[in-house]
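Undergrad: sequence isn't available, so here's the structure alone:
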């Protein structure tokens, strides 16, 4: 039994439990917990504890209608005197929410169902799955990379919805949009429960004082463990120092793929009406001051071929009209003039032109070609800058440089250092969690991000845009403090069958990981281990774990903090097979080379001297001649020898970046991805 469990309809009529009533729900706490943590006549969330409820309540008699079950203290407890004292008004016709969760917990699928049930699309309209994942890379990888917003209407109320990424490397996307909303839907998988990214996004939402509605998603899965998920979610709120009101969260059970939701997991409605009702009743409307000067903090940017750069943000005060002169203020107080040419609001998955937008709503404005994220668009005369957006510091860096391989310039359109520099600094306009610095030479640049995936997404986008360049190995960003060297640590959670846990624990131990927890997940003999490990130890770990577990393990990580330098870490035990000369590979040469290790190239492929063509089966690099041809003689053989080549290693861009070490580089072009030895580091091959 966990620390506490909240039941919104029925409670246990059992003498071993103390019933905790509230205005909206009923919670029960084991008596030993009550005795340990709560003194006699104490209160929980401002309400007294009592022994038990009547049996009629426990049997579920006289239950109210489904929508009447949703009662949230945050709405009913707002006295009108508070509004008058602050000089603020609450807009009851708008709700601004963000959907946050760990990766693959069903955020985008749930948004799809909300859009369909809000009649955003025609009945005969063909709509693709995960409509919010409009980016090509998002659809290919099956993850959300960029935060995107839309709006629907329910019972006359406009609900602005922001879909956010679930991967920890894109946490900056979540941080910059949370100040646009007044509450969040926290999605938790009914099987996995709270995961590392769940902790990160929830911490940010609680720090901003947002009201959280917990949505237990995928309750239709056979292995769903709802009691455990609710308990661990509540414990997570306590660990993150949530307030009493935030801990008294409303729970909605849902199946995003079926488009169903309910206040009880065993009685889901036929649609998402309970979820919509929860949003209206639990998420407060925006508090505004319509009489103040206009202010809007830019939190996102878009681009249109005809309208140019489009700034997206929430109007914090006053109102804005189309064709209005304004000023753009930076965080340091400097301002420059500007003009809003066109004004848009979000309605039903589209931008609709509008003449006026009042405080509390989310809008998009065009006409300012030099506006950036974090700047304030304000009234021309009395406007002032709002506090800028703050995001966590990056923890990993890579070097980008001009392609200097013998094949340079063959496939790319943008190959010069000027092209590379302009593109990298242009990325900073949208990607707040990334940093770009000049390197030691004029053609080298240092890119810092939240993780390797954060930077490899940029690499893939640039490759598709026609850029050609070289990428160095990942390095952690260390800090000097009080005479000691600090490095970033992350919490790693590995979920794998019990058979492979021994090999996985051995891998994590070699990389200076410290075990925090190990427990059975409760289904399919799966074990979950939690480690705290230096970020250096995670480089290349994913492939090693997949190999050790035969592809069955799942690794999730999230940044924890900076701590003391852990010492030397060996992330790779094998060397590389390096091409001895420039030429075209042959089957005859590869047949003997494959005995030395696993090959990355097949026959008939052009290679150059110093290119990595395979992975050595031993430590240390080995130089091979993969272009050797069979000698032509006048001796006739009776039978031609049949050569069978082993299957090639199929490396993705992420695999290449994780594999390379200090003396190696990844060559990225629009058509090819290769690895090579860094010629500036000297020859280490034998």
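TA: In hand now; what should we look at? Not measured: the values here are computed from a predicted model.

Undergrad: for the stretch 201-350 of the chain, what spans make up the helices?
TA: For the stretch 201-350 of the chain, the helices identified by DSSP state H, counting those that start in this stretch occupy 226-239, 244-247, 273-282, in order along the chain.

Undergrad: geometric centre of the chain: which residue is closest?
TA: For the chain, the residue lying nearest the average C-alpha position, counting by Cα atoms, centre = their mean, turns out to be residue 167 (2.5 Å).

Undergrad: that one contacts residue 450, doesn't it?
TA: No. Assessed by Cβ atoms under 8 Å, residue 167 is found out of contact with residue 450, at 9.2 Å. C-beta: built from backbone N, CA, C; applies to glycine.

Undergrad: and residue 594, that's in a strand?
TA: No. Counting by DSSP: H, G, I helix; E, B strand; the rest coil, residue 594 is not found in a strand; it is helix.

Undergrad: what's the most buried one of the helices of the stretch 201-350 of the chain?
TA: Here the criterion is mean neighbour count by mean count of other Cβ atoms under 10 Å, and of these the winner is helix 273-282, at a mean of 22.

Undergrad: so which elements touch that one?
TA: Of the remaining helices and strands, those touching helix 273-282 by 3 or more Cβ pairs under 8 Å, 6 or more residues apart in numbering; DSSP states H and E are helix 73-76, strand 94-101, strand 148-154, strand 157-163, strand 183-189, strand 211-217, strand 250-255, strand 260-262.

Undergrad: who's in contact with the shortest one?
TA: Surrounding strand 260-262, the residues in contact under the criterion Cβ atoms under 8 Å, 6 or more residues apart in numbering are 66, 215, 252-255, 268-275.

Undergrad: gap between it and the chain center?
TA: Strand 260-262 has its average C-alpha position 25 Å from the chain's average C-alpha position, going by Cα atoms, centre = their mean, to the nearest Å.

Undergrad: contacts only, for residue 174.
TA: By Cβ under 8 Å, 6+ apart, the contact set of residue 174 is 98, 100, 147, 164-165, 200-201, 204.

Undergrad: typo on my end, residue 560
TA: Contact criterion Cβ under 8 Å, 6+ apart gives 488-491, 532 as the residues in contact with residue 560.

Undergrad: please convert the buried members of these into PyMOL selection syntax.
TA: For selection in PyMOL, the members of these meeting the burial criterion (16 or more other Cβ atoms under 10 Å) are listed in this command:
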select buried, resi 488+489+490+491+532
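
Undergrad: low-scoring stretches of the stretch 551-686 of the chain, by residue?
TA: Counting by pLDDT under 70, the stretch 551-686 of the chain contains low-confidence residues at 632-641, 682-686.

Undergrad: for the stretch 51-200 of the chain, same thing?
TA: 51-87, 120-135.

Undergrad: what are the ranges of the helices in it?
TA: 55-58, 73-76, 80-86, 107-117, 136-141, 171-177, 196-207.

Undergrad: indicate which one of those is closest to residue 424.
TA: Across the helices of the stretch 51-200 of the chain, residue 424 has its closest neighbour in helix 171-177 (16.4 Å, Cβ to Cβ).

Undergrad: and the contacts of residue 174, which is closest to residue 482?
TA: Of all the contacts of residue 174, residue 200 has the smallest distance to residue 482: 26.8 Å, by Cβ to Cβ.

Undergrad: so the closest one versus residue 559, what's the distance?
TA: When distances are taken as Cβ to Cβ, to the nearest Å, residue 200 and residue 559 turn out to be 8 Å apart.

Undergrad: before we move on, what about residue 162?
TA: 22 Å.

Undergrad: the inter-axis angle of the lengthiest strand in the chain versus helix 196-207?
TA: Counting by DSSP state E, the longest strand found in the chain is strand 484-497. An angle of 120 degrees separates the directions of strand 484-497 and helix 196-207 when computed by axes from the mean of the first three to the mean of the last three Cα atoms, to 10 degrees.

Undergrad: can you list the strands that strand 484-497 pairs with?
TA: In the sheet, strand 484-497 lines up against strand 479-481 (antiparallel), strand 526-534 (antiparallel), strand 554-564 (antiparallel) (DSSP bridges).

Undergrad: for that strand, give the mean pLDDT please.
TA: Taken as a whole, strand 484-497 carries a mean pLDDT of 88.

Undergrad: run the chain-centre distance for that strand.
TA: Mean-position distance between strand 484-497 and its chain equals 17 Å (Cα atoms, centre = their mean).

Undergrad: C-terminal to that strand, what's the next element?
TA: The C-terminal neighbour of strand 484-497 among helices and strands, as given by DSSP states H and E, is helix 501-510.

Undergrad: got the angle between that following helix and strand 526-534?
TA: Helix 501-510 runs at 10 degrees relative to strand 526-534, counting by the same axes, to 10 degrees.

Undergrad: isn't residue 563 up against residue 490?
TA: No. Contact status for residue 563 versus residue 490: not in contact, 10.7 Å apart, counting by Cβ under 8 Å.

Undergrad: quick check on the contacts of strand 260-262: which are buried?
TA: When neighbours are counted using 16+ other Cβ under 10 Å, the contacts of strand 260-262 contain these buried positions: 66, 215, 252-255, 268-269, 272-275.
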